[in-house]
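> let me see the structure of the following:
(chains A and B)
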There are 2 protein chains.
Amino acid sequence: MKTAAILIIGNEILSGRTRDANLQLLAKALGDRGVRLLETRVVADRFEAIVAGVNALRASYDFVFTTGGIGPTHDDITTECVAAAFGRRVAEDPEAVRRLVEHYGPEAINEARLRMAQVVAGATLIDNPVSAAPGFRVENVFVLPGVPRILEAMLEDVISQLPRGAPIASLSVTVWLRESEIASPLSAIQDAHPTVDIGSYPFVRDDRLGTSLVTRGTAPAAVAAAMRAITDMLSAAGAEFTVEPPA
Amino acid sequence: MKTAAILIIGNEILSGRTRDANLQLLAKALGDRGVRLLETRVVADRFEAIVAGVNALRASYDFVFTTGGIGPTHDDITTECVAAAFGRRVAEDPEAVRRLVEHYGPEAINEARLRMAQVVAGATLIDNPVSAAPGFRVENVFVLPGVPRILEAMLEDVISQLPRGAPIASLSVTVWLRESEIASPLSAIQDAHPTVDIGSYPFVRDDRLGTSLVTRGTAPAAVAAAMRAITDMLSAAGAEFTVEPPA
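Have a look, this model is predicted:
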C-alpha cells in the first residue's frame, strides 16, 4: 500500500486564527483511493521550516501534499522553498501564464498575478477550476493551495495521478458506554481480529460520555466480522447502539 | 520568547473520520500566554512514530503537548511511548488511583479504569475536572487527552505551568478584494513594518473571493500602525473593509 504525508504551511493555523480543514479533505480523498496517510505536519511560514519539512517527508513517504503559501503576496514562499528542497530553480511556466491571462483578461494581468505562474522548474501543473492559479507537482510532491474550496476543486486532478490501492473499509458503532466499561472485551476482540484496526474514541455530548468504536481494514469481510463481534459484545452487555453505515 | 510544538496522536484524524479541534484550542491558549507554537505533527497510533515524534519535538522546542491515546483501551499507547522516549518505565501513580476510585466509586473501579492511573515514572499529574483520569507532565512534555472537552478543561492547569511571555497582539481586516489586487502595496507595507508579521489569507464565501489581512506582533503600537497603513491603502483604493477587533 502506498503511503502519504501532508505538510500544512500556515502561520494562521499555528496562531489558532484558522481551524484547518484541508487535512480532513485530503485524508478522505486519499482513503478512498487506497493511499494511506501516515503523517501530517503543520509549520510556520518560515523558509528553513518548510524546506526541512518537504525534505523529511518526501524521503519517508511515497507522496507528499503541501497546502498553502502559493498565492501572490509577500508571505507566499512555498514555491521558493520547494525549489530549494529539490535544489531546483523557480521558473515562469508559459501555460500557467496563458491560464492566468485568460482568467483575469489581458488588461487586468499584473505582476502579482503573474507571480502565480512561477513554479519549480520542471514541475507539472495541477488544474485550478476556481481561480486559474495552478498547483504543481514535482516528483512525489504535490504543491496545493490553502483555501479549502480551491484545494477541493483540485483534488480530482491530484487523486487521479495516484495509483489505486485497496480502499480502507470502515464501520463504526456509537454507544452510550464509557470506554472503561468495554475496554477488556474490546481488547480480546482486537486480539481475535489481527488484520483489522479497532479504534475506540470517547466523546462528550450533552454532558454525557459515550464511545465510538471503529473497525478498519482492507478486507471488507474481516472488517464486518470484527464489527459483528463488537455488536454481539454490546448486545450481551444490554447496551443500545447505532452502527454506521447501516448494514 | 518560549516555543512550543504539538504532537497529535490519532488514526481517526489521519483517516479523515474526525476533524481535529485540539490544535486550535491549544494554539489560542499558548498565544494568550505569550508562548509561540511553531510546529504541529499528527502521527498514527504506532509505537515508533509516537516515540520518534516525542523525541524530535522535545529536543527542538521548549514545550511539547501530546494529545490523544491516554484512555483505557488497547489502542491507547501514548503513555508507554512517552516512557520509551524518555527511557523511563511506566508506573501506577497512587494519587491518580485515589482520584479514579473517588470518581468511579470503590465498587465500580476495574482494571481498565486503573490503567488510566499508569503514568511515566516521575511524572507530575495534570488535573482532569471532567472525568478524573489525569494527564501528566514529564520534563517539558505535557501528555493530554484527545477529547476536546476534556483537554479544554485541563488547559488552565497546563497553561499556568508555563512562563508568561509577551502576548501576541493581533488585528485583522476583511475586504472584498483579491490578494492579487493588493499584493504590491501590501509588500511595501510589510517592508516598512519589519517588527510586525503581516499575513494575507484569501477566502471564498458565497462564491466570491475575499481577503483577510492580519497584523501580528508583540508590540501593540507597531501592530496598530501596520494595520493603519493597510486600512489607509484600502481606503485609497476605494475598498470597503471591516477591522476586527474594532479600534
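
> how about the lengthiest helix in chain A and chain B, touching?
Taking DSSP state H as the criterion, chain A has its longest helix at helix A:220-236. No. Helix A:220-236 stays clear of chain B (Cβ under 8 Å from any Cβ of the partner chain), getting no nearer than 11.9 Å. C-betas here are computed from N, CA, C, even on glycine.

> any buried residues in that helix, and which?
Going by neighbour count (16 or more other Cβ atoms under 10 Å in any protein chain shown), the buried part of helix A:220-236 is A:222-227, A:229-231, A:233-234.

> who's in contact with the nearest residue to residue A:55 once chain neighbours are set aside?
Residue nearest to residue A:55 in three dimensions, not counting chain neighbours: residue A:85, with 5.0 Å by Cβ to Cβ, 6 or more residues apart in numbering or on different chains. Residue A:85 makes contacts with A:50-51, A:54-55, A:58, A:141, as judged by Cβ atoms under 8 Å, 6 or more residues apart in numbering or on different chains.

> doesn't residue A:85 fall inside a helix?
Yes. Using DSSP: H, G, I helix; E, B strand; the rest coil, the assignment for residue A:85 is a helix.

> where does the residue nearest the centre of chain A land on pLDDT?
Compute the mean C-alpha point of chain A, and by Cα atoms, centre = their mean the closest residue is residue A:26, 2.9 Å away. We have a pLDDT of 98 for residue A:26.

> do residue A:216 as well
As summarised for this prediction, residue A:216 has a pLDDT of 95.

> how close does the residue nearest to residue A:55 get to residue A:12?
Residue A:85 sits 22 Å away from residue A:12 when distances are taken as Cβ to Cβ, to the nearest Å.

> can you name the element that comes right after the longest helix of chain A?
strand A:241-244 (DSSP states H and E).

> which positions within that following strand qualify as buried?
A:241, A:243.

> again with stretch A:190-203
Applying 16+ other Cβ under 10 Å to stretch A:190-203 flags A:190, A:193, A:196-203 as buried.

> okay, now the sheet partners of the lowest-mean-pLDDT helix or strand in chain A, with direction.
When the helices and strands of chain A are scored by mean pLDDT, DSSP states H and E, strand A:241-244 comes last with a mean of 90. Strands that pair with strand A:241-244, judged by DSSP bridges, come out as strand A:169-175 (antiparallel).

> what's next to the strand it pairs with, contact-wise?
Residues lying outside strand A:169-175 but in contact with it, judged by Cβ under 8 Å, 6+ apart, are A:182, A:210-220, A:223-224, A:227, A:230-231, A:234, A:239-245, B:15, B:17.

> can you name the element that comes right after it?
Immediately after strand A:169-175, counting by DSSP H and E, sits helix A:179-192.

> can you tell me if that next one touches chain B.
Yes. On the criterion Cβ under 8 Å from any Cβ, helix A:179-192 is in touch with chain B at A:179-184, A:186-187, A:190.

> orientation of that helix relative to strand A:169-175 in degrees?
Helix A:179-192 runs at 150 degrees relative to strand A:169-175, counting by axes from the mean of the first three to the mean of the last three Cα atoms, to 10 degrees.

> for helix A:179-192, buried residues please.
A:179-183, A:185-187, A:189-190.

> elements contacting it?
The helices and strands touching helix A:179-192, judged by 3 or more Cβ pairs under 8 Å, 6 or more residues apart in numbering or on different chains; DSSP states H and E, are strand A:197-205, strand A:208-217, helix A:220-236, helix B:111-115.

> neighbouring contacts of that helix?
A:175, A:196, A:198, A:200, A:202, A:211, A:213, A:226, A:229-230, A:233-234, A:237, B:71-75, B:104, B:110-113, B:115-116.

> now that helix: average pLDDT?
96.

> and for stretch A:92-103?
97.

> hmm, it touching chain B?
No. Stretch A:92-103 does not reach chain B (Cβ under 8 Å from any Cβ); its nearest approach is 9.1 Å.

> which residues sit against that stretch?
The list of residues contacting stretch A:92-103 from outside it, by Cβ under 8 Å, 6+ apart, reads A:109, A:113-114, A:116-119, A:123, A:125, A:128, A:131-134, A:136.

> repeat that with 10 Å
A:72, A:107-110, A:113-125, A:127-128, A:130-134, A:136, B:180 (Cβ atoms under 10 Å, 6 or more residues apart in numbering or on different chains).
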